[in-house]
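K.L.:
test case, fold it:
(2 chains)
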Number of protein chains: 2
Amino acid sequence: MTNKYSDTYHIPYYDCDMEGRLKVPTLVKMMIRTSGNQSSHYGMTTEVVATYGLSWVITQHDVRINRLPRGNETIKITTQAEKYNKFFCYRKFWAHDENGEEIATMESTFALMDIKERKIKAVPDEIIAPFQSEKIKRIKRSEKIPDRGENADKKDIQITYWHIDENKHVNNAVYVEWMMDCLPLDFLVNHVPKRLLIKYNKEVRYEEQIIAVSKTEDNVTSCAIQSEDELFSEGFIEWN
Amino acid sequence: MTNKYSDTYHIPYYDCDMEGRLKVPTLVKMMIRTSGNQSSHYGMTTEVVATYGLSWVITQHDVRINRLPRGNETIKITTQAEKYNKFFCYRKFWAHDENGEEIATMESTFALMDIKERKIKAVPDEIIAPFQSEKIKRIKRSEKIPDRGENADKKDIQITYWHIDENKHVNNAVYVEWMMDCLPLDFLVNHVPKRLLIKYNKEVRYEEQIIAVSKTEDNVTSCAIQSEDELFSEGFIEWN
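P.N.:
Model (predicted):
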């Protein structure tokens, strides 16, 4: 039986948007924080993983939102390192409110990168053992991102000091900020993502010149974070 | 005796910068959150203040930093509504670490704005009564911001959805982000503010076209947030 782990969080007003709803990027950060806490709980910290010459990287987030909690609410986040195959680890997250209602879930794919070679390596069983994940053969099929076509919107992205995390690259949750910020203010005030899928292809560093290319059609926004010649990240948002 | 109020906060990794230190703007947010909690504690919430047709505005923050705490530390923030005169309320904040060391302080000036007229009004004694602030005649003298001169650096600022708070304008802590972000990455990696003073003249709204004008000399950065014809905010940072 795969081990589950939970933490509770009180939501500060300053992590809420202008409508008083928890910022979606912060929801993602809280979930990732919970998986970090689970890893520490089992003694499988970043430092221990580094003794294998390896470091975790995120290759995909798939977030589904029923309701965004508001400032001063307390939410419980539960996580489980469900399954893994030779190269990928599949982790699930659930967020529940004080009434026990499931307000959001996330399915994320992690991989292990060789710190020196900067290449994905096979997952050593010892690193996964404490989580009691199920080993599987199958690789989850990658979902198609809708085409943005010829008339996509383009927006320059200003990378700031605040986007960079301890891994010296743009934090994975910042891409959620950028993808949602493709939309105009009055759209974002009136819409909440129902589903948000992001694929991470390549890390973005501070000095990169990047743009967000997006297209919104039938309540779905398709968005790419790219430079002139490279695709860093791609995803879609289904809106409520 | 003026009432003090304290709260403790656990610092999430995601509120830390690339060096693992608490982001200065988040320190300011945590302090303001504590004063909001004190107000709620005494039943003097935003909603109650609004029954007077008034709303709190911040006119100045003066932050002094001995040490920035790191992710997973717990800090205690204490606040006290020290003094007030006809138009201004002076509030003090202290941040202490788990060893009881004072790691930072902030002195902030608040005023009350008439919600309809958008003008500063005299402070009604009833609003201040629960805090037991001392009433004074004196108005604190405003500190001079160093001149930026002719050869100042100019940087376009991209206002995003994430900067706007429930008051429908850029949150006061975002100006701290912008002022520090005037400096290049390698400077920010190697320097921590010792003191940061920000004056707020006029609220910034989403549609504003603004720039940061800055000059760094002798370990002091002077910075203005302005449009072509308006000065929204001005301040300085002394660096360690």
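
K.L.:
quick one: end-to-end distance for stretch A:41-60.
P.N.:
The straight-line separation of the ends of stretch A:41-60 (Cα to Cα, to the nearest Å) is 24 Å.

K.L.:
ok, now stretch A:202-210?
P.N.:
Using Cα to Cα, the two ends of stretch A:202-210 sit 12 Å apart.

K.L.:
check contacts around the residue sitting nearest the centre point of chain A.
P.N.:
By Cα atoms, centre = their mean, chain A has its centre lying nearest to A:His61, at 4.1 Å. Counting by Cβ atoms under 8 Å, 6 or more residues apart in numbering or on different chains, A:His61 touches A:28, A:106-108, A:172, A:176, A:196-198. C-betas here are computed from N, CA, C, even on glycine.

K.L.:
chain center to the helix or strand where it lies: distance?
P.N.:
Assessed by DSSP states H and E, A:His61 sits inside strand A:54-65. Computed by Cα atoms, centre = their mean, to the nearest Å, the chain-centroid distance of strand A:54-65 equals 5 Å.

K.L.:
okay, now the sheet partners of that strand, with direction.
P.N.:
In its sheet, strand A:54-65 lies beside strand A:102-114 (antiparallel), strand A:193-200 (antiparallel), with partners assigned from DSSP bridges.

K.L.:
does any bit of stretch A:73-89 sit next to chain B?
P.N.:
No: figure legend: stretch A:73-89 not in contact with chain B (Cβ under 8 Å from any Cβ of the partner chain); closest approach 12.0 Å.

K.L.:
sorry, wrong one. I was asking about stretch A:30-46.
P.N.:
Yes: for a cut-off given as Cβ under 8 Å from any Cβ, stretch A:30-46 has contacts with chain B, namely A:30, A:32-33, A:36.

K.L.:
ok, A:Tyr13 touching A:Thr26?
P.N.:
No: contact criterion Cβ atoms under 8 Å: A:Tyr13 and A:Thr26 do not qualify, at 11.8 Å.

K.L.:
so between the two, which is more surrounded?
P.N.:
Neighbours were counted for A:Tyr13 and for A:Thr26 using other Cβ atoms under 10 Å in any protein chain shown; A:Thr26 has more, 25 against 17.

K.L.:
which SS state does that one fall under?
P.N.:
Under DSSP: H, G, I helix; E, B strand; the rest coil, A:Thr26 falls in the helix class.

K.L.:
for the one 4 residues further on, same thing?
P.N.:
Under the three-state scheme (three-state DSSP), A:Met30 adopts helix.

K.L.:
that one contacts A:Pro12, correct?
P.N.:
No: contact criterion Cβ under 8 Å: A:Met30 and A:Pro12 do not qualify, at 11.2 Å.

K.L.:
hmm, back to that, what about the residue nearest to the centre of chain A, distance to chain B?
P.N.:
Per Cβ to the nearest Cβ, to the nearest Å, A:His61 is found 14 Å from chain B.

K.L.:
which strand residues bridge that residue?
P.N.:
Going by DSSP bridges, A:His61 forms beta bridges with A:Ser108, A:Ile198.

K.L.:
now do it against A:Leu27, distance only.
P.N.:
11 Å (Cβ to Cβ, to the nearest Å).

K.L.:
near chain B, which residues of chain A?
P.N.:
A:12-14, A:16-20, A:23, A:25-26, A:29-30, A:32-33, A:36, A:156-158, A:160-162, A:164-166, A:168, A:171, A:173, A:177, A:180-181, A:183, A:185, A:188, A:206.

K.L.:
now which of those residues would you call buried?
P.N.:
Buried by 16 or more other Cβ atoms under 10 Å in any protein chain shown: A:12-14, A:16-18, A:23, A:25-26, A:29-30, A:32-33, A:36, A:157, A:160-162, A:164-165, A:171, A:173, A:177, A:180-181, A:183, A:185, A:188, A:206, out of the residues of chain A next to chain B.

K.L.:
buried set for stretch A:70-78?
P.N.:
For stretch A:70-78, by 16+ other Cβ under 10 Å, it's A:71, A:75-78.

K.L.:
measure stretch A:121-128 end to end?
P.N.:
Stretch A:121-128 end-to-end distance (Cα to Cα) = 14 Å.

K.L.:
what does that stretch contact?
P.N.:
A:44, A:49, A:52, A:54, A:81, A:84-89, A:111-114, A:135.

K.L.:
of those residues, keep whichever come out buried.
P.N.:
Counted by 16+ other Cβ under 10 Å, those give A:44, A:49, A:54, A:81, A:84-85, A:88-89, A:111-113 as buried.

K.L.:
now do the strands in chain A.
P.N.:
A:4-10, A:54-65, A:74-84, A:89-96, A:102-114, A:119-121, A:134-135, A:153-157, A:193-200, A:210-217, A:220-226, A:231-239 (DSSP state E).

K.L.:
on that earlier part again, using CSV, lay out the buried ones among the contacts of stretch A:121-128 together with pLDDT.
P.N.:
CSV is the format used below for the buried ones among the contacts of stretch A:121-128 (pLDDT from 0 to 100):
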residue, pLDDT
A:Met44, 96
A:Val49, 97
A:Leu54, 97
A:Ala81, 96
A:Tyr84, 97
A:Asn85, 97
A:Phe88, 97
A:Cys89, 97
A:Ala111, 97
A:Leu112, 97
A:Met113, 96
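
K.L.:
Throw those into JSON lines and include distance to B:Gln226, thanks.
P.N.:
Formatted as JSON lines, the buried ones among the contacts of stretch A:121-128 follow (distance: Cβ to Cβ, whole Å):
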{"residue": "A:Met44", "distance to B:Gln226": "50"}
{"residue": "A:Val49", "distance to B:Gln226": "47"}
{"residue": "A:Leu54", "distance to B:Gln226": "48"}
{"residue": "A:Ala81", "distance to B:Gln226": "50"}
{"residue": "A:Tyr84", "distance to B:Gln226": "53"}
{"residue": "A:Asn85", "distance to B:Gln226": "55"}
{"residue": "A:Phe88", "distance to B:Gln226": "49"}
{"residue": "A:Cys89", "distance to B:Gln226": "49"}
{"residue": "A:Ala111", "distance to B:Gln226": "46"}
{"residue": "A:Leu112", "distance to B:Gln226": "48"}
{"residue": "A:Met113", "distance to B:Gln226": "43"}
